[in-house]
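Novice: Using only what follows, build the 3D model:
(one chain, ligands or ions: 2)
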Amino acid sequence: MKYRKFGKIGDEVSLLGFGTMRLPTHNGNPKDIDLEKTTKLIRYAIDHGVNYVDTAWPYHGGMSEKAVGKALPGGYREKVHLATRLPSRLVNGPDDFDKLLDKQLENLGTERIDYYLIHTLNRKWWPKLKEAGLFDFIKRAKESGKVGYVGFSFHDTIDIFKDIVDGWDWDFCQIQLNFMDEEYQAGVEGLKYAAAKGLGVVIMEPLKGGKIVKPNPRAEKIWAKADVVRTPSEWAFRWIADFPEVSVVLSGMGELEEVVENILTMSDAEPGKLSRKEHEIIGEVRDMYRKYIKIQCTACGYCMPCPYGVRIPRSLELYNDMFMFDTPKEANRVYWGFFTEENRASNCRKCGLCETKCPQDLKIMDLLELVDEKMREIKE
Ligand code: SF4
Ligand code: SF4
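Specialist: Ligands and ions are numbered 1, 2, ... in the order given. Modelled structure (predicted):
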């Protein structure tokens, strides 16, 4: 495993971090985490050099922190830098900060969270949390020893990102970055901006929610031009690791094969290691995906559950896949054959709840309309 300095904090952190948004579950129920398998995966990763484990209050419907807390006893807690996030959306007043933190310590079965992030800072939550007393809370939490270092995770435009970076003496930050999103949200400009100010930078969504690693004949044809054989996820991880400003790359791993492959990749990836030809090949794949990915959903699931039962990310995925794989009939078959009436995009009542939670700021209600229209068009 390669290790990098975590910005001005100076800790040596593993280039691969264990993300816990996509843990193995029973029967596809996100809340019903397979604890035995999760524990094995996390411990395997730690035994093979991963020393950064990241979770968050809302992951797996509130069960991810508890699962991580169950995986770390037996000497593993001491071997990792443990990160989780203040659930910004649940802060309605100054008293909420400390209550939420105390609950998170209990969930994780620990007395200290090493790296504490303010979750999903954007133009909406940044002023709201400041008003509620965020900075006093950060000082209190650090002084009490309940948290070590404080940073923020981010989804918004670069101008807001810079405003937040400059708005407090942060220790680190977490941004979305992959070879498709170099100019999206904070992007490469944000990475370099934060690193230049001494912040450790953690990367999330390195595979764009899995979109850029799905088996894809168009992409395979382009990857085959390279002199080396790599899986799509290896290409994606190496593109990020090529930036010296990156400290940790999170991967939400749910299968042992993924853990093994990612550890191998991150045991060899170094800044500046990709050749010009390799960058050109990645650029070609990027151009191809830009042409075919119509909706920028990362399948994070934050918008779920829909109170009316609409399968939001799956509906958007079906739409994308139809263009990506030229399979309108297959998408149509799934939509009409496997979705219930309740699940379908047409059941959206436009309550707007999902849109308030989407970190990609997608106009979900309009998109669902588009999906349903397309499916009806194909059916006719
Ligand atoms: S806007 Fe539609 S899809 Fe979104 S939560 Fe409301 S009913 Fe569900
Ligand atoms: S629509 Fe938004 S919140 Fe829902 S899964 Fe996609 S990116 Fe996540």
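Novice: Please list all residues in contact with Cys306.
Specialist: The contact partners of Cys306, taken as CB atoms under 8 Å, 6 or more residues apart in numbering, are Ile312, Cys348, Leu353, Cys354. Where you see a C-beta, it was placed from the backbone N, CA and C, and this is true even at glycine.
Novice: change it to 7 Å
Specialist: When contacts are counted by CB atoms under 7 Å, 6 or more residues apart in numbering, Cys306 touches Ile312, Cys354.
Novice: what secondary structure does it sit in?
Specialist: coil (DSSP: H, G, I helix; E, B strand; the rest coil).
Novice: and the gap between it and Lys70?
Specialist: Between Cys306 and Lys70 the computed distance is 29 Å (CB to CB, to the nearest Å).
Novice: likewise Arg238?
Specialist: Applying CB to CB to Arg238 and Lys70 gives a distance of 33 Å.
Novice: how about the helix or strand hosting Lys139 as PDB, C-alpha atoms only?
Specialist: Secondary-structure element containing Lys139, defined by DSSP states H and E: helix 134-144. Output of helix 134-144 as PDB, limited to C-alpha atoms (Å, rounded to 0.1, in the frame of the first residue of the first chain):
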ATOM      1  CA  LEU A 134     -20.700  25.700  13.700                       C
ATOM      2  CA  PHE A 135     -17.400  27.300  14.600                       C
ATOM      3  CA  ASP A 136     -18.100  27.300  18.300                       C
ATOM      4  CA  PHE A 137     -19.100  23.600  18.000                       C
ATOM      5  CA  ILE A 138     -15.800  22.700  16.200                       C
ATOM      6  CA  LYS A 139     -13.700  24.400  18.900                       C
ATOM      7  CA  ARG A 140     -15.700  22.600  21.600                       C
ATOM      8  CA  ALA A 141     -15.400  19.200  19.900                       C
ATOM      9  CA  LYS A 142     -11.700  19.600  19.400                       C
ATOM     10  CA  GLU A 143     -11.000  20.800  22.900                       C
ATOM     11  CA  SER A 144     -13.000  18.000  24.400                       C
END
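Novice: Which residues outside it are in contact with it?
Specialist: Among residues not part of helix 134-144, those counted as contacts by CB under 7 Å, 6+ apart are Phe97, Asp98, Leu101, Tyr116, Ile118, Val147, Val150, Trp168.
Novice: which ones are touching the third one?
Specialist: By CB under 7 Å, 6+ apart, the contact list for Leu101 reads Leu86, Ala141, Lys146.
Novice: if I look at it, how far off is Ser64?
Specialist: Spatial separation of Leu101 from Ser64 under the definition CB to CB is 16 Å.
Novice: quick one: pLDDT of Phe325?
Specialist: According to the per-residue confidence, Phe325 scores 83 in pLDDT.
Novice: no no, Gly62
Specialist: The model reports Gly62 with a pLDDT of 94.
Novice: Ok, the one 4 residues further on next?
Specialist: The per-residue pLDDT reported for Lys66 equals 98.
Novice: element containing the closest residue to it other than its chain neighbours?
Specialist: Beyond its immediate neighbours in the sequence, the residue positioned closest to Lys66 (CB to CB, 6 or more residues apart in numbering) is Asn107, lying 5.0 Å away. Per DSSP H and E: Asn107 is located in helix 94-108.
Novice: Quick one: name whatever helix or strand follows that helix.
Specialist: The first helix or strand that comes after helix 94-108 along the chain, using DSSP H and E, is strand 113-121.
Novice: Check which helices and strands that following strand sits against.
Specialist: Packed against strand 113-121 by the contact rule (3 or more CB pairs under 7 Å, 6 or more residues apart in numbering; DSSP states H and E) you find strand 81-86, strand 147-154.
Novice: Tell me which of those strands sits most buried.
Specialist: strand 81-86 (a mean of 26; mean count of other CB atoms under 10 Å).
Novice: could you give the angle of that one to helix 94-108?
Specialist: Using axes from the mean of the first three to the mean of the last three CA atoms, to 10 degrees, the interaxial angle of strand 81-86 with respect to helix 94-108 works out to 140 degrees.
Novice: Neighbouring strands - and their directions - for strand 81-86?
Specialist: In the sheet, strand 81-86 lines up against strand 52-54 (parallel), strand 113-121 (parallel) (DSSP bridges).
Novice: Now do it and strand 147-154, the angle between them.
Specialist: Using the same axes, to 10 degrees, the direction of strand 81-86 lies 60 degrees away from that of strand 147-154.
Novice: Centre of the chain to strand 81-86, how far?
Specialist: Here strand 81-86 shows a centroid-to-chain-centroid distance of 14 Å under the convention CA atoms, centre = their mean, to the nearest Å.
Novice: got it, and stretch 190-200?
Specialist: For stretch 190-200, the distance from its own C-alpha centre to the chain's C-alpha centre is 19 Å (CA atoms, centre = their mean).
Novice: buried residues in it?
Specialist: For stretch 190-200, the buried set under the neighbour-count rule, 16 or more other CB atoms under 10 Å, comprises Gly190, Leu191, Tyr193, Ala194, Ala195, Leu199, Gly200.
Novice: Ile222: which of those is nearest?
Specialist: Checking the buried residues of stretch 190-200 against Ile222 by CB to CB gives Leu191 as the nearest, at 24.9 Å.
Novice: Hmm, Val201 and the closest one touching each other?
Specialist: Yes - counting by CB atoms under 7 Å, Val201 is a contact partner of Leu191 at 5.6 Å.
Novice: Sweet, I'm off.
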